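Peer 1: Quick check, what structure comes out for this input:
(chains A and B)
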Amino acid sequence: AQSVSQHNHHVILSEAASLELGCNYSYGGTVNLFWYVQYPGQHLQLLLKYFSGDPLVKGIKGFEAEFIKSKFSFNLRKPSVQWSDTAEYFCAVTVAGSQGNLIFGKGTKLSVKP
Amino acid sequence: DTAVSQTPKYLVTQMGNDKSIKCEQNLGHDTMYWYKQDSKKFLKIMFSYNNKELIINETVPNRFSPKSPDKAHLNLHINSLELGDSAVYFCASSQIGTGFYEQYFGPGTRLTVT
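Peer 2: Next up, the predicted model:
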């Protein structure tokens, strides 16, 4: 079965530090990749997505992610985090032909200290 | 205008009761989903409907019954509630006919069973 692994359960950074959250998936076929963010007490919002083309995708709020097919990875990055980035981050995958079934990783909690 | 809305936002009830959660989307999407987010923030798909037809039905107790009266609505009815049903339930929608499975999430319904 397909699965998504997020390596970091909880990341604590100071403001202005750089961020990289790891995400790996297990599926050898065509995938669509997503990063969602969930701010405290709120619903999930799409940060960015990859369907095809340039493997470096830019999202909202200064986030970007790089798809490395050979490593089955889709890591999320931000050069300089802010206190307002404190949230839970979820990596998710859909597989071609799956009717859009999103498979989520277990999430990474990011805490940014002011 | 809210794209995906859910009611109620909070639901507190006793074991053994029957309850419903409603979801509506005004995005014109053809597919709607129910996800369960447990206390550890793990998100798992429960059901998916495409044009009012059930297309995904994960391993969910048959006490849970989704109903889609039309493309814009997907309700979740839960019979004989148990303590383990306590979670946040998210509705989502997408337009899978395009082949792109970007999903938009509702605000969630926090269900507490006592």
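
Peer 1: For chain A, see how far away residue B:47 is.
Peer 2: According to Cβ to the nearest Cβ, to the nearest Å, residue B:47 stands 10 Å off from chain A. All C-beta spots, glycine's among them, are computed from the backbone N, C-alpha and C.

Peer 1: Who are the packing partners of the host helix or strand of that residue?
Peer 2: Counting by DSSP states H and E, the element that carries residue B:47 is strand B:43-50. Judged by 3 or more Cβ pairs under 8 Å, 6 or more residues apart in numbering or on different chains; DSSP states H and E, the packing partners of strand B:43-50 are strand A:103-104, strand B:31-37, strand B:53-57, strand B:64-70, strand B:73-78.

Peer 1: winner for burial among these?
Peer 2: Stretch with highest mean neighbour count among the helices and strands packed on strand B:43-50: strand B:31-37 (a mean of 24; mean count of other Cβ atoms under 10 Å in any protein chain shown).

Peer 1: quick one: it to strand B:64-70, angle?
Peer 2: Here the directions of strand B:31-37 and strand B:64-70 differ by 150 degrees (axes from the mean of the first three to the mean of the last three Cα atoms, to 10 degrees).

Peer 1: For chain B, which residue gets nearest to chain A?
Peer 2: residue B:101 (3.9 Å; Cβ to the nearest Cβ).

Peer 1: Kindly export the helix or strand bottoming out on mean pLDDT in chain B (C-alpha atoms) in CSV.
Peer 2: Of all helical and strand segments in chain B, the minimum by mean pLDDT, DSSP states H and E falls on strand B:53-57, at a mean of 79. The C-alpha trace of strand B:53-57 is given here as CSV (Å, rounded to 0.1, in the frame of the first residue of the first chain):
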residue,chain,number,x,y,z
GLU,B,53,-21.7,7.9,-6.3
LEU,B,54,-19.6,6.3,-3.6
ILE,B,55,-16.1,5.7,-5.0
ILE,B,56,-13.9,5.3,-1.9
ASN,B,57,-15.0,3.5,1.2
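
Peer 1: Now do the strand or helix carrying residue B:110: distance to the chain's middle.
Peer 2: For residue B:110, the host element (DSSP H and E) is strand B:109-113. Strand B:109-113 has its C-alpha centroid displaced from the chain centroid by 12 Å (Cα atoms, centre = their mean, to the nearest Å).

Peer 1: Number of residues surrounding residue A:26?
Peer 2: Using other Cβ atoms under 10 Å in any protein chain shown, residue A:26 is surrounded by 12 other residues.

Peer 1: Could I get the contacting residues of it?
Peer 2: A:2, A:3, A:4, A:5, A:72 (Cβ atoms under 8 Å, 6 or more residues apart in numbering or on different chains).

Peer 1: Okay, and which of the residues you listed map to strands?
Peer 2: Within the contacts of residue A:26, residues falling in strands by DSSP state E are A:3, A:4, A:5.

Peer 1: what residues does chain B put near chain A?
Peer 2: B:31, B:33, B:35, B:40-45, B:48, B:50, B:55-56, B:90, B:92, B:94, B:96, B:100-108 (Cβ under 8 Å from any Cβ of the partner chain).

Peer 1: Next one: the nearest residue to residue B:50 once chain neighbours are set aside from residue A:58, what distance?
Peer 2: Excluding its sequence neighbours, the residue lying closest to residue B:50 (Cβ to Cβ, 6 or more residues apart in numbering or on different chains) is residue B:31, at 4.6 Å. Going from residue B:31 to residue A:58 by Cβ to Cβ, to the nearest Å gives 27 Å.
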